[in-house]
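Peer 1: Attaching a predicted model along with its sequence, questions to come.
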Amino acid sequence: MRCGGLCCRYLYYTDWGKTASVVRTRLDGSSPTVIKTGLNNPSGVAVVGSMVYVTESHYRTRVPPNARTSINGSLYSMNSDGSGWTDVLAAATDKLKVSRISVY
């Protein structure tokens, strides 16, 4: 089986440590590089061609302040180095409960 593209050179994962982030490493886990920070709860990562997609869940309190807290999510895309960060579903994020992502 022939392998091509980013999916065969790097491993991408999310880290919920002190600073939530998206990390890229070599397939053996060496050379970890943080490629995106400033996230709340990044959860899913998928690579399609040269693009990396990340799902993130947000905890948000609805108005009025004593109303129930809800979770809604976002789907972002970026280049493999973390540049070009874009909110793919910006218009629909109030309706989503995004957690994981898969590519078929």
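Peer 2: Noted; the coordinates are in hand.

Peer 1: can you give me the strands in this structure?
Peer 2: In the chain, the strands defined using DSSP state E lie at 10-15, 21-26, 33-36, 42-48, 51-61, 69-79, 86-87.

Peer 1: Who are the packing partners of the shortest one?
Peer 2: To tie it back to what came earlier, the one meant is strand 86-87. On a contact count with 3 or more C-beta pairs under 8 Å, 6 or more residues apart in numbering; DSSP states H and E, strand 86-87 meets strand 69-79. (Glycine included, C-beta is placed from N, CA and C.)

Peer 1: any weak-confidence spans in the chain?
Peer 2: Applying pLDDT under 70 to the chain picks out residues 1-8, 58-72, 90-100, 104.

Peer 1: same thing but 80
Peer 2: 1-8, 57-74, 89-104 (pLDDT under 80).

Peer 1: hang on, the earlier thing: closest one to Ser102 among the strands of the chain?
Peer 2: Closest approach to Ser102 among these (C-beta to C-beta): strand 42-48, 6.7 Å.

Peer 1: Packing partners of that closest one?
Peer 2: strand 10-15, strand 21-26, strand 51-61.

Peer 1: Using CSV, list the CA coordinates for it.
Peer 2: Presented in CSV, the C-alpha positions along strand 42-48 are these (Å, rounded to 0.1, in the frame of the first residue of the first chain):
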residue,chain,number,x,y,z
PRO,A,42,-10.2,20.7,21.5
SER,A,43,-11.4,17.1,21.0
GLY,A,44,-11.2,15.7,17.5
VAL,A,45,-8.6,16.0,14.8
ALA,A,46,-8.8,14.9,11.1
VAL,A,47,-6.4,15.4,8.3
VAL,A,48,-7.6,15.8,4.7
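
Peer 1: List the buried residues in that strand.
Peer 2: Using 16 or more other C-beta atoms under 10 Å as the burial criterion, the residues of strand 42-48 that qualify are Pro42, Ser43, Gly44, Val45, Ala46, Val47.

Peer 1: which two from the residues you listed end up farthest apart in space?
Peer 2: Ser43 and Val47 (15.4 Å).

Peer 1: would you turn the buried residues of strand 42-48 into TSV with distance to Thr33?
Peer 2: Below are the buried residues of strand 42-48 laid out as TSV (distance: C-beta to C-beta, whole Å):
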residue	distance to Thr33
Pro42	15
Ser43	20
Gly44	19
Val45	14
Ala46	18
Val47	15
